[in-house]
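# My questions are about this predicted structure, shown below with the sequence.
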Amino acid sequence: MYENSFLLCCRSREVFPDSGEHLFVNTDEDFCKGLQLGWKPVLLQETRRMETPILVLTQPPSTSVSLGNTVRLSCAFSSGVSVSGQFVQWFQQKPGSPPRYLLSYYSDSIKEQGSGVPARFSGSKDTSTNSGILTISGVQAEDEADYYCGTAHGSGSTAQLAQ
């Protein structure tokens, strides 16, 4: 049994000396309409075999935090895939709205903040738990939303987006 899902977005490929080729994915509609240099529109298809998933990302069901405080949201990678070699992407979705791209994080020197996303949203990794981390500092009421983690996992002209 296979499960398919589609996401309209744009993508850019970058090659890094230490880790090879990586795919950046951006779902920000205005950003993608502008088709920034090196970015191309794409309909990203995720195909997963349900009996033997290649990659599983696990997030806690919910988290609560008081306004003004800091919250860390985790995204645990399955044991077969090391977070240290992956880009971790974060998306925010509010009811009735499409997902908003927040950021991509590979390392402190290789990261991307989404257009218009405040600096209080930041990414990191916890290799001891094989997890990607989204930190929201100075939480505001408007931050109440569903948060999804994802990763570009695969090679060639297609990539898998897991959430």
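Received, thanks.

# Which strand residues bridge G150?
G150 forms beta bridges with Q89, as assigned by DSSP bridges.

# whoops, I mixed them up, F77
L57.

# so it touches I133, yeah?
No. Using Cβ atoms under 8 Å, F77 is not in contact with I133; the gap is 11.8 Å. Any C-beta I mention is one placed from the backbone N, CA and C, and that applies to glycine too.

# out of those two, which sits in the busier spot?
Taking other Cβ atoms under 10 Å, F77 and I133 do not tie; F77 has more neighbours (25 against 19).

# ok, now how distant is the more buried one from S122?
Distance, F77 to S122, by Cβ to Cβ, to the nearest Å: 19 Å.

# Y105: neighbouring residues, count only.
With other Cβ under 10 Å as criterion, Y105 counts 23.

# now the strands for this structure?
Per DSSP state E, the chain carries strands over the ranges 2-16, 20-26, 40-49, 57-58, 71-77, 88-93, 100-105, 111-113, 121-126, 131-136, 146-150, 152-153, 160-161.

# now the fifth one: mean pLDDT?
Per-residue pLDDT over strand 71-77 has a mean of 89.

# so what does it touch, helix or strand wise?
strand 57-58, strand 88-93, strand 131-136, strand 146-150 (3 or more Cβ pairs under 8 Å, 6 or more residues apart in numbering; DSSP states H and E).

# what ranges of the protein fall below the confidence cut-off?
Where the chain drops to pLDDT under 70, the residues are 1-56, 152-163.

# is it true that Y148 touches R100?
No. Using Cβ under 8 Å, Y148 makes no contact with R100, being 10.1 Å away.

# what's stretch 115-132 in contact with?
Residues outside stretch 115-132 that contact it (Cβ atoms under 8 Å, 6 or more residues apart in numbering): 28, 30-31, 74-77, 79, 82-84, 86, 88, 90, 101-105, 107, 111, 113, 133-138, 149, 151.

# Of the residues you listed, which qualify as buried by neighbour count?
Buried residues within these, counting neighbours by 16 or more other Cβ atoms under 10 Å: 28, 31, 75-77, 83, 86, 88, 90, 101-105, 113, 133-134, 136, 149, 151.
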